[in-house]
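K.L.:
Turn this into a structure:
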Amino acid sequence: MTRHLRVVPPPASDRPALPVIEKPSPNFDERVVPIDMLILHYTGMQTAQDAVDRLRDPAAQVSSHYVVDEDGTVLRLVPEEKRAWHAGVSHWRGHMALNARSIGIEVVNPGHEWGYRAFPALQMAAVCDLCRVLVARHAIPARNVVAHSDVAPDRKEDPGELFDWLGLAENGVGLWPAGVPDLGTGGTIRDAASLRPVRAALAEVGYRVAPEGGLDPALATVIRAFQRHWRPEAVTGQMDDGTLVRLQGVLRLIRGG
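P.N.:
Take a look at the predicted model:
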């Protein structure tokens, strides 16, 4: 039997400037700190329905505030004032357990495991509209609009290198170092001394990274997360010329110049 979802306007105090379909999930608890982060995910499941069913399954103990389908449909599962369970073990800018301070958006896409593909224009437009409402409502800093892979690089890849971070930034959501070219994959830095300022820069952006060491597996994992967000042309885990210049560009934005 076909199930039809009913569009229900959310309360006036919590109303995005686009239609939202209410599909409540029981998987949430109370917030203990104010919202200052927005974390974007992909669902990583074979169908949108599979993802929504899991996010609403009490046994799964996972959820998000919103889900955006490929046709641009926006579902709300958890009220923004509640803490959804989407980030897991996570870290950004010295903070941990980021569910407490973030809003989570799941963007429907099968992900790297089930046939990762480009995000349709209608979907990205809806994501952008929703994000613009959320960052304005909660005064979320641009540097705190991040990927799941940014806050959990050792566990997650989403929403991945096909996600349109540039398009979001051009519409006032998040950061993008405009005008910084791709300088290619040459000039890889590997030794500990040369990587010391790189490690410091990644930490200043927000990543959890050791201050010393060569190009070890842990650092390569963080570099891949950075590349998926800000240098998707080549997700290699290497700190090459192209990645270094993008990192420097992001730092300039964070520092305000």
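K.L.:
dump the residue contacts of the residue lying closest to Pro34 once chain neighbours are set aside.
P.N.:
Leaving out its chain neighbours, the residue that sits closest to Pro34 by Cβ to Cβ, 6 or more residues apart in numbering is Arg101, at 6.9 Å. Using the backbone N, CA and C atoms, a C-beta is placed for each residue, glycine as well. For Arg101, the contacting residues are Val33, Pro34, Ile35, Asp36, Met37, His95, taking Cβ atoms under 8 Å, 6 or more residues apart in numbering as the criterion.
K.L.:
Can you select the buried ones from those residues in PyMOL?
P.N.:
Provided next is the PyMOL selection string for whichever of those are buried by 16 or more other Cβ atoms under 10 Å:
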select buried, resi 35+36+37+95
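K.L.:
Restricted to strands, list the contacts of Arg101.
P.N.:
Secondary structure from DSSP state E places Met37, His95 of the contacts of Arg101 in strands.
K.L.:
Adding pLDDT and distance to Asp240, write the contacts of Arg101 out as TSV.
P.N.:
Rendered in TSV, the data for the contacts of Arg101 read as follows (pLDDT from 0 to 100; distance: Cβ to Cβ, whole Å):
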residue	pLDDT	distance to Asp240
Val33	95	38
Pro34	97	38
Ile35	98	36
Asp36	98	32
Met37	98	29
His95	97	29
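K.L.:
which one of the contacts of Arg101 is nearest Glu170?
P.N.:
Within the contacts of Arg101, proximity to Glu170 (Cβ to Cβ) peaks at Met37, which comes in at 20.8 Å.
K.L.:
what about Ala225, helix or strand, and which?
P.N.:
When secondary structure is defined by DSSP states H and E, Ala225 falls within helix 217-230.
K.L.:
Follow the chain on from that helix and name the next helix or strand.
P.N.:
Downstream of helix 217-230, the first helix or strand assigned by DSSP H and E is helix 241-255.
K.L.:
How far does that next one sit from its chain's centre?
P.N.:
How far helix 241-255 lies from its chain's middle: 18 Å, per Cα atoms, centre = their mean, to the nearest Å.
K.L.:
What residues of that helix count as buried?
P.N.:
Neighbour-count burial for helix 241-255, counted by 16+ other Cβ under 10 Å, picks out Asp241, Gly242, Thr243, Leu244, Val245, Arg246, Leu247, Gly249, Val250, Leu251, Leu253, Ile254.
K.L.:
Outline the domain layout of the chain.
P.N.:
The chain is divided into the following domains under automatic domain parsing: 12-170, 192-255.
K.L.:
Name the SS class of Arg117, please.
P.N.:
coil (DSSP: H, G, I helix; E, B strand; the rest coil).
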